[in-house]
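# Sequence plus predicted model, see below.
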Protein chains: 10
Amino acid sequence: MTSSPTQDDGSQFLTQLGQNSAQPASPEEARLERVPAPDRGRRYVVRFTAPEFTSLCPVTGQPDFAHIVIDYIPDEWIVESKSLKLFLTSFRNHGAFHERCSMQIATTLVDLLQPVWLRIGAYWYPRGGMPIDVFWQTSTPPEGVWIPAQDVPGYRGRG
Amino acid sequence: MTSSPTQDDGSQFLTQLGQNSAQPASPEEARLERVPAPDRGRRYVVRFTAPEFTSLCPVTGQPDFAHIVIDYIPDEWIVESKSLKLFLTSFRNHGAFHERCSMQIATTLVDLLQPVWLRIGAYWYPRGGMPIDVFWQTSTPPEGVWIPAQDVPGYRGRG
Amino acid sequence: MTSSPTQDDGSQFLTQLGQNSAQPASPEEARLERVPAPDRGRRYVVRFTAPEFTSLCPVTGQPDFAHIVIDYIPDEWIVESKSLKLFLTSFRNHGAFHERCSMQIATTLVDLLQPVWLRIGAYWYPRGGMPIDVFWQTSTPPEGVWIPAQDVPGYRGRG
Amino acid sequence: MTSSPTQDDGSQFLTQLGQNSAQPASPEEARLERVPAPDRGRRYVVRFTAPEFTSLCPVTGQPDFAHIVIDYIPDEWIVESKSLKLFLTSFRNHGAFHERCSMQIATTLVDLLQPVWLRIGAYWYPRGGMPIDVFWQTSTPPEGVWIPAQDVPGYRGRG
Amino acid sequence: MTSSPTQDDGSQFLTQLGQNSAQPASPEEARLERVPAPDRGRRYVVRFTAPEFTSLCPVTGQPDFAHIVIDYIPDEWIVESKSLKLFLTSFRNHGAFHERCSMQIATTLVDLLQPVWLRIGAYWYPRGGMPIDVFWQTSTPPEGVWIPAQDVPGYRGRG
Amino acid sequence: MTSSPTQDDGSQFLTQLGQNSAQPASPEEARLERVPAPDRGRRYVVRFTAPEFTSLCPVTGQPDFAHIVIDYIPDEWIVESKSLKLFLTSFRNHGAFHERCSMQIATTLVDLLQPVWLRIGAYWYPRGGMPIDVFWQTSTPPEGVWIPAQDVPGYRGRG
Amino acid sequence: MTSSPTQDDGSQFLTQLGQNSAQPASPEEARLERVPAPDRGRRYVVRFTAPEFTSLCPVTGQPDFAHIVIDYIPDEWIVESKSLKLFLTSFRNHGAFHERCSMQIATTLVDLLQPVWLRIGAYWYPRGGMPIDVFWQTSTPPEGVWIPAQDVPGYRGRG
Amino acid sequence: MTSSPTQDDGSQFLTQLGQNSAQPASPEEARLERVPAPDRGRRYVVRFTAPEFTSLCPVTGQPDFAHIVIDYIPDEWIVESKSLKLFLTSFRNHGAFHERCSMQIATTLVDLLQPVWLRIGAYWYPRGGMPIDVFWQTSTPPEGVWIPAQDVPGYRGRG
Amino acid sequence: MTSSPTQDDGSQFLTQLGQNSAQPASPEEARLERVPAPDRGRRYVVRFTAPEFTSLCPVTGQPDFAHIVIDYIPDEWIVESKSLKLFLTSFRNHGAFHERCSMQIATTLVDLLQPVWLRIGAYWYPRGGMPIDVFWQTSTPPEGVWIPAQDVPGYRGRG
Amino acid sequence: MTSSPTQDDGSQFLTQLGQNSAQPASPEEARLERVPAPDRGRRYVVRFTAPEFTSLCPVTGQPDFAHIVIDYIPDEWIVESKSLKLFLTSFRNHGAFHERCSMQIATTLVDLLQPVWLRIGAYWYPRGGMPIDVFWQTSTPPEGVWIPAQDVPGYRGRG
Ligand SMILES: [Ca+2]
Ligand SMILES: [Ca+2]
Ligand SMILES: [Ca+2]
Ligand SMILES: [Ca+2]
Ligand SMILES: [Ca+2]
Ligand SMILES: [Ca+2]
Ligand SMILES: [Ca+2]
Ligand SMILES: [Ca+2]
Ligand SMILES: [Ca+2]
Ligand SMILES: [Ca+2]
Ligand SMILES: [Ca+2]
Ligand SMILES: [Ca+2]
Ligand SMILES: [Ca+2]
Ligand SMILES: [Ca+2]
Ligand SMILES: [Ca+2]
Ligand SMILES: [Ca+2]
């Protein structure tokens, strides 16, 4: 992945949809972008909920699916949302284990944004009747910041 | 399975728990019993909900699980509930495909009880991320009988 | 049970609570009462939801519990609600199987009220991990009457 | 209640809130109004959901509460919504039994609107641990009209 | 509204987002478009769920909000989804009563698409603590077509 | 797609997972297979729930996601479940509009299985804040067969 | 309100229902009573849930409704539950703003009971599409006491 | 109640069901038993959920119902589960106020088990439209032990 | 926005609805007002839930929607609720990015009210299948104040 | 159980399904395996949800069922997921009390993985109408790690 910091003014997702953004074929090809954070002096949390994530099993090549929730506290930068969408999409033909894949998403964001704090919750669809979830945060969140629970319902099987 | 019609007076599940009922090793060994139906002149529905069902995959030998709901309208007989519990338990080491297994439960009950009407809803836990449900009833239910929906929630994956 | 038709003017539950109504010791001792139906020319449905029902297992003497919902279309009479409460309470020390007990409640009401139509849904708490529900109605409901589903959630076990 | 048919142009609830509408002290004082129905040639359903209904017990004087849902198919008239709000409010100090009160609301609307069809679902808060619901419709609804279920959750006690 | 039948090949919503579609200032200015229906020989249902609808109260000018669900069975045409989005958006500064506004959306679609059948469920946010819902369909749906319930939860107030 | 009827004995999904099934690159390459239906004289329903479906937008190339539920009544054949899984997976890099894609899945199954009856519910993730659902069945289902509602919750936006 | 501490033995709500308790016409007339707390040496929490609360808007005279939850840790006294019911009922014809009314309930209880700790959650029905909730506690609760979340669902509008 | 410490090896509930355990007529007659805790060196939590609890109002003699949840951290002993079931059942004909009854259950267990920590949540069914909950724990739980929320839904009335 | 502190006595929303309040055309034109806080010596929380929020995308001009929840602890002032409603409404034709818009609402309130503490949760409807939430509070809340979770359900996509 | 640490590269569940893994007949025969943890320098949580667990009652031989959730923070090793599945499956014919069985699963994992921290929540299906849950963690979790609540719904009986 080429993570090229840019300094434009934060044009948003829906706008960029109009451009012919080629779908990146892999996380390496995806171009995750950052823009200067608004209200930089304040510690707020931004949450992205991405229920449309899919990647491939590195061994069998079969598709895996996950519901992913990312929370972070910006420092100087926020992620440009369309580029985040494309970055997540870029795993579509990428093979990775659940734990590794979840961590790669998080650490790529951390490298780009240098946020005050970031966490990821990755809720994978079951395989063998048993789903795996992965939860990670960069550190204890700073005091005085409000971070609601992600509260994604647990897997319940049937009935 | 030996389905031995009996004519005792309907002693119930909790009573029989006290006896040393050996767990039947297979559906063939299970002894599903019937007792005379109370209120025989009336068309009522009896529903059993069995969320603790498990059998084996006939090919891999791996356990399968299902949430099973049975509705029926007795004619002369009702099923003795402890024997039904043991009958369902007898599939624990039995290998059968989802569709076949669901139907076998239903048709064994039909053979024994000769009910006015019976249906089964078998809600299997997902394999390969995709659960199978099987729904069967003996016929259009008779008019004038009230049969509420089973309303088992659909499978939702994650998120 | 002594079901003594009365013709008073329909004084309701909360009023009668103030009187020293002895708790009836059995369904036979309970005195289920009826009062003239209001709006007698119209076919409406009255639903009672009784989540506080308990009786005894006739074999072991152990308590059983049920959530009971009764729907009926009055003809000349409606049931007096405090007497219904006491009637249901009278099963507290009464031993009866699930199917029989459910039907007895319904048919006692039918005998007293001679309603246009009546149904009962009895949702028993699980025994042996498997609850029994009983559903009965007197007949196909008359046309032109609106009867919403009872929609009591199915038993789901755990998870 | 004085139900004075009017023929104004359907000015709605929020508008009338601005006027100093005195709260009517009883259903008799309430002035339920009607306005010409829009799209009169078409058979549509209008649903009002009123979770803020309260009246008094005619015997004890204690407050009763209900969640009320009204569905109807207009013919020439629709009810003016602010006047409906005030009409429902007028039961606040009115003593009436559950069944009677529910029917009075419905039949007052029927008298005023002469609708093609109307139904009421009145879901009363429990007394003695046992709520009463009342369901009534004027007749079988006409064919070709879509009337979704009211789907108000049943009373569940605790747990 | 100018409803200009077109005969292009069904290019979809996301594509058109890229074009500089001016937001139409009123339903009259909106240009609702149709494209030839795929699988024209088959009777299927298309459902649009639009939880982002807002219009204005014609009397006070205050915003109203609704959750709108449209189901229809195409005959020759389906609605082009981006133009539907823009059509719904065009009510943003349009004043209309709840009943009239709901019907206008539906009948405009009927005029354009000449569908086999269409229905609308409009679930308005409460005013005065009492929401209004409007339900309409063009006719009894044709036999043999499957139309699931809309199952939008009823309004529940608080608690 | 090559739909090659086979007559083997119904070996199931989990078994075939063990084989090195190459992921088909398109619906055309997928090899949907059928096996003889068990209990052929009986009219039962089989439901597959597939919450892990994804395809591409034919115009922008962006991924689309859907939750798909298929119900059918077998005649001579049932679909082999692993091949169904692979068939659904084969749309991963296939571009198709929502309505067309939903119908293609259904009609491919109909062609292969010649079922007594089949229906599909395709619940697409929102685009432009407005999801599309597609519902189709081959015909009115035959009498006497029990087909529970799919009851997939409607889209609710936020809050 | 006359808050007259009494020292009787804690007779409860249902008992007192039998007496002809006049409904107090205002909070000032209500007679909130206390009885000695059982298990006085122990720090337990008592929760009252009152979904049947109504008062009047001080400006318009229109009814307001709230779902109210009170938690407290008794010291020497507990509130007598029937008198609490009557106290809450006494706001029925009382005009007060949401914030003030919520606080008045809480502080009246505090004055009477001198509890170790008390909190109130008042969840008002929406006005202008926007409900107000009020949350107050006397202080940080003492250590070592277990106080579950009130977990009243948030207001969700429609859809 | 006779709480006779025993030292047998923890035979469980289902086993003892088979014995003719007389139902104890009062808490005093109930024989709550303890068995040595497994894994004694570890601090784990055991939760019992008892939705089938009933007692009597000490004043009116009317039945009360509660949903009860008990959490505890064993030290040397765990409670034998069938004896707990019988102990709870023994309140069936016992008169006690809500607060007192809840505390009696908890303190009896504390006396017998001398646990590291114990708490009870007693969620009583509403009387007068207003349920009482009682929450108590022996002390602040020890550090390093995981105790999930009981998360019993709040009472919501109707709608 | 002109935020003009006033010192009137707290007249509420419903009252002001009656006045011809012109809808402000932008946040700058809106006149957010404050009134003296009741119970000023006490630290309580006021929550406003606003599920009817809409603004515009600054790039495309397309409408955005959000469900917004504001919690604050008043010091000297509370916000006048009708002016808050109008202030939120004033974003209807205002273009702003999600993060910026959420912060602007919060900081405008902070400037006017100088509250002890304030937080905002802004739950935006999805764009590109991926919603953004923004969470901000002014600081760690003061000790001894009770602030329940906002508990807005997470976005779940479909199924 | 033979817990043989291995050092291969983490091949996952779906891959191993293809091999003819014999089902282990007991926990002793099961071969729980570990692989080196990815991202070893980071403290993340892995959650496994296993709703398909069953064992036997050691006294009666009857099946027990549980919904099990395991959370852990890896140090050097993660558990190989297929071997975990087989390990859990190996309890199928194993007799153990609820508390003991839950702890055995947890401590076996601890022995093998030497994790930074681990916890288990075991939610057993009811016996005698009263389910037992067991909660255990190795210690207070380390600071700076994010561990969401398991949030498995409580048992609710019926209604
Ligand atoms: Ca939660
Ligand atoms: Ca999903
Ligand atoms: Ca349902
Ligand atoms: Ca389950
Ligand atoms: Ca329903
Ligand atoms: Ca529904
Ligand atoms: Ca309510
Ligand atoms: Ca539904
Ligand atoms: Ca339904
Ligand atoms: Ca909404
Ligand atoms: Ca919560
Ligand atoms: Ca909670
Ligand atoms: Ca919860
Ligand atoms: Ca929550
Ligand atoms: Ca929770
Ligand atoms: Ca219950």
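Done, it's in. Ligands and ions are numbered 1, 2, ... in the order given.
# From now on I want contacts and neighbour counts done on CA atoms only, so please keep to that.
Will do.
# Which positions in stretch A:133-145 come out as buried?
A:133-139, A:141, A:145 (16 or more other C-alpha atoms under 10 Å in any protein chain shown).
# Going by distance to ligand 4, which of the residues you listed wins?
Set against ligand 4, the nearest of the buried residues of stretch A:133-145 by C-alpha to the ion is residue A:133 (18.6 Å).
# What's the local residue count around the residue nearest to residue A:159 when sequence neighbours are not counted?
Counting by C-alpha to C-alpha, 6 or more residues apart in numbering or on different chains, residue C:156 is the residue found nearest to residue A:159 once chain neighbours are left out, at 5.1 Å. Here the number of neighbours of residue C:156 (other C-alpha atoms under 10 Å in any protein chain shown) works out to 21.
# Secondary structure and pLDDT for the buried residues of stretch A:133-145 - can I get that in JSON lines?
Putting the buried residues of stretch A:133-145 into JSON lines (DSSP: H, G, I helix; E, B strand; the rest coil; pLDDT from 0 to 100) gives the following:
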{"residue": "A:133", "secondary structure": "strand", "pLDDT": "98"}
{"residue": "A:134", "secondary structure": "strand", "pLDDT": "98"}
{"residue": "A:135", "secondary structure": "strand", "pLDDT": "98"}
{"residue": "A:136", "secondary structure": "strand", "pLDDT": "98"}
{"residue": "A:137", "secondary structure": "strand", "pLDDT": "98"}
{"residue": "A:138", "secondary structure": "coil", "pLDDT": "98"}
{"residue": "A:139", "secondary structure": "coil", "pLDDT": "97"}
{"residue": "A:141", "secondary structure": "coil", "pLDDT": "96"}
{"residue": "A:145", "secondary structure": "coil", "pLDDT": "97"}
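# Same list, these, but as a markdown table with distance to ligand 2 please.
Below are those laid out as a markdown table (distance: C-alpha to the ion, whole Å):
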| residue | distance to ligand 2 |
| --- | --- |
| A:133 | 15 |
| A:134 | 17 |
| A:135 | 19 |
| A:136 | 21 |
| A:137 | 24 |
| A:138 | 27 |
| A:139 | 29 |
| A:141 | 29 |
| A:145 | 29 |
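# Of those, which ones also sit close to chain I?
Among the buried residues of stretch A:133-145, the ones lying near chain I by C-alpha under 8 Å from any C-alpha of the partner chain are residue A:145.
# element containing the residue nearest to residue A:38 when sequence neighbours are not counted?
Among residues not flanking residue A:38 along the chain, residue I:100 sits closest, at 6.3 Å (C-alpha to C-alpha, 6+ apart). Residue I:100 belongs to helix I:98-113 when assigned by DSSP states H and E.
# Is residue A:157 part of a helix or strand, or is it coil?
Under DSSP: H, G, I helix; E, B strand; the rest coil, residue A:157 falls in the coil class.
# For it, give me the pLDDT.
Residue A:157 carries a pLDDT score of 96 in this model.
# tally of neighbours for it?
By the criterion of other C-alpha under 10 Å, residue A:157 has 28 neighbours.
# which parts of chain A sit against chain B?
With C-alpha under 8 Å from any C-alpha as the criterion, chain A meets chain B at residues A:51, A:66-67, A:123-129, A:152-155, A:157-159.
# repeat that with 7 Å
A:51, A:67, A:123, A:125-129, A:152-153, A:155, A:157-159 (C-alpha under 7 Å from any C-alpha of the partner chain).
# Please spell out the ChimeraX selection for the buried subset of these.
Restricted to buried positions by 16+ other C-alpha under 10 Å, the ChimeraX selection for the residues of chain A next to chain B reads:
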select /A:51,67,123,125,126,127,128,129,152,153,155,157,158,159
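# Out of the residues of chain A next to chain B, give me the two with the largest separation.
A:51 and A:159 (22.9 Å; C-alpha to C-alpha).
# Low-confidence ranges, chain A, go.
Low-confidence segments of chain A, defined by pLDDT under 70: A:1-21.
# coming back round to it: tell me which of the buried residues of stretch A:133-145 is nearest to residue I:94?
Using C-alpha to C-alpha, residue A:145 comes nearest to residue I:94 of those, at 27.9 Å.
# Okay, that closest one and chain F: tell me how far apart.
Counting by C-alpha to the nearest C-alpha, to the nearest Å, the separation of residue A:145 from chain F is 22 Å.
# Any figure for the gap between that residue and ligand 16?
Distance, residue A:145 to ligand 16, using C-alpha to the ion, to the nearest Å: 39 Å.
# so what's that residue up against?
By C-alpha atoms under 7 Å, 6 or more residues apart in numbering or on different chains, the residues touching residue A:145 are A:43-44, I:137, I:139-140.
# swap the cut-off to 10 Å and go again
A:42-45, A:73, I:119, I:135-141 (C-alpha atoms under 10 Å, 6 or more residues apart in numbering or on different chains).
# Repeat that for residue A:118.
A:45-47, A:70-74, A:106-107, A:109-110, A:136-141.
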